[in-house]
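Participant: based on what follows, work out the 3D shape:
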Amino acid sequence: MFAALSDGNPVVLKHLKKFLAVGPVAYVYHQSSTVMALLADAKLQYLLDIFNINEFLGENWLITNFGSAFCALFGKLCDDFVAAIADMDASRDNYERYDVVAGHDPSGTSVLNMVHWEQLTFVDNFQKYDYGTDENMKIYGQPTPPLYNLGNITHEVHLFAGDEDMLADPTDVQRLKDEMVNATVHFHEYSKVGHITFLWGVDMNYVSDMIEVLRS
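Facilitator: Numbers count the residues shown, from 1 in each chain. Predicted coordinates for the structure are as follows:
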């Protein structure tokens, strides 16, 4: 959404009144997720170039059913794994329901999406996909990928951020907020909340705040 609004996507602009961003991610230079850091070093581009694999952790019977059964038996291990991905203290998440969660998540994304994430962890910018110098010249007309201009965003934006979010690090979220100079930005910060806590935390009181924003 930040990319679409920065680029002025007409379809999005036509239908959008206000934007509620939960665990908002644009800059990821300061992310501290152990798992995502390992993925950033995994050279995922090789999956595309060598094996022609286009989907990352796609939903299938093995992943969802194995994950569901495993988390039903070993909830604490699933809790620790989630902590390594996104939360400093995953005990605030409802790990007793991880067997249900694992039946639906992960549900897959593109390898290109993950390669883009990998790229952004090495540059302190919010920029478009880097295809390499030659392809960048063909696609963008310049050797490096263009930056997204967050100053182009003019909508009402609500940032719902957790102070223990390892993916949407508070430093990166603050920079995101500061650069939306032409938007009406409302900042909602929650103490002792990580990235996954917004999805299946024990305390989901922030949802009431979101409902109030939507009603206003």
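
Participant: lowest-confidence helix or strand of this structure?
Facilitator: helix 61-73 (a mean of 51; mean pLDDT, DSSP states H and E).

Participant: this protein: strands as residue ranges?
Facilitator: 18-22, 55-56, 109-110, 156-162, 184-190 (DSSP state E).

Participant: any idea which of those scores lowest on pLDDT?
Facilitator: Ranked by mean pLDDT, the strands of the chain end with strand 55-56 at the bottom, a mean of 63.

Participant: how close does Ile153 get to Leu5?
Facilitator: From Ile153 across to Leu5, the span is 4 Å (Cβ to Cβ, to the nearest Å). Glycine gets a C-beta too; all of them are placed from N, C-alpha and C.

Participant: again with Pro146
Facilitator: The gap separating Pro146 from Leu5 is 15 Å, by Cβ to Cβ.

Participant: those two: who's more crowded?
Facilitator: Leu5 (22 against 15; other Cβ atoms under 10 Å).

Participant: Asn152 is in contact with the more buried one, correct?
Facilitator: Yes - using Cβ atoms under 8 Å, Leu5 is in contact with Asn152, at 6.9 Å.

Participant: so what's the residue count around His15?
Facilitator: For His15, using other Cβ under 10 Å, the count is 7.

Participant: go on, Val193?
Facilitator: 25.

Participant: skipping its backbone neighbours, what lies nearest Gly162 in space?
Facilitator: Spatial nearest neighbour of Gly162, chain neighbours left out: Val193 (3.2 Å); criterion: Cβ to Cβ, 6 or more residues apart in numbering.

Participant: tell me the confidence at that neighbour?
Facilitator: With respect to pLDDT, Val193 scores 87.

Participant: distance check, the nearest residue to Tyr27 once chain neighbours are set aside against Asp163.
Facilitator: In space, Tyr27 comes closest to Asp172 once its chain neighbours are excluded; the distance is 3.9 Å by Cβ to Cβ, 6+ apart. To Asp163, Asp172 is 13 Å away according to Cβ to Cβ.
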